[in-house]
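[1] Give me coordinates for this.
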Amino acid sequence: MNPFVRFGLVRLLLAQGGVILLAGMLIIGTWVSKELERGHIDHVGFLTSLYMESFVSPHVASLSDNGQPGEINRTALDGLLSGTPLGRQVVAFKLWAPDGRILYSTNPALTGRKFEVRPALASAFAGKVHSEITDLSDPDNEFERVRWSRLIETYAPLRARDTGTIIAVSEFYQTTDDLDQEVGAARLRSWLMVSAATLAIFLLLAALVKRASNTIS
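    Residues are numbered from 1 along each chain as shown. Below is the predicted model of the structure:
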């Protein structure tokens, strides 16, 4: 075989293999990054929901006939985020009734207003904790989006201690500062690992192609 033709075929095979490996690296790296972010959001949301339930549930255990927390409970809720460890993590929260009415909000202007029951809220009333990054475009986020462009939003059921019945759902918001920092570092490590693995595979592929080329020659 003409050595120039053989060299052209080797180069073509390596180029095609490199493109395939690069595409695979991008797909796998992107998937791993999203899974890291999703896992961190779920972890943070679940842990904070446990704190929220332990702090908030006692103050909403008894609701008045119109579904509003009593005055003593409201006073306790007003001070829940002021100068407390919980307040350093949660920047705002709301309590929801099953019909989409806000029973309590750190922004008093929202208390008593009724909104559409979104799937995440319905899921929380079914007993599931739901966390995601929100762009604050929902109608009830009119006050949050004045200060933030995005937040971690979590819906968590609040249960009565004696019966375990879901009596309300807490919706709370956390900033993405810690998320960006921790996930950014984890994402960098994952991309370095994926890149190193891809490079190793490419070098093995190049060695195999060269050996096959020599054998054919």
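[2] Going by C-alpha atoms from here, please, whenever you check contacts or count neighbours.
    Will do.
[3] quick one, longest helix in this structure?
    When the chain is parsed with DSSP state H, its longest helix is helix 3-60.
[4] Any idea which residue is closest to the centre of this structure?
    In the chain, the C-alpha nearest the mean C-alpha coordinate belongs to residue 41, at 3.3 Å (Cα atoms, centre = their mean).
[5] before we move on, back to that, helices or strands up against the longest helix of the chain?
    Contacts defined by 3 or more Cα pairs under 8 Å, 6 or more residues apart in numbering; DSSP states H and E place helix 3-60 against helix 71-78, strand 130-134, strand 151-159, strand 166-174, helix 177-216.
[6] 7 Å - rerun?
    strand 130-134, strand 151-159, helix 177-216 (3 or more Cα pairs under 7 Å, 6 or more residues apart in numbering; DSSP states H and E).
[7] which one of those is the most hemmed in?
    Of all those, strand 151-159 has the most neighbours on average by mean count of other Cα atoms under 10 Å, namely a mean of 25.
[8] By mean pLDDT, flag the weakest helix or strand of this protein.
    None of the helices or strands of the chain scores lower by mean pLDDT, DSSP states H and E than helix 71-78, at a mean of 69.
[9] what sits up against that one?
    59, 60, 106 (Cα atoms under 7 Å, 6 or more residues apart in numbering).
[10] Against residue 116, how distant is residue 46?
    24 Å (Cα to Cα, to the nearest Å).
[11] Cheers, nothing more for now.
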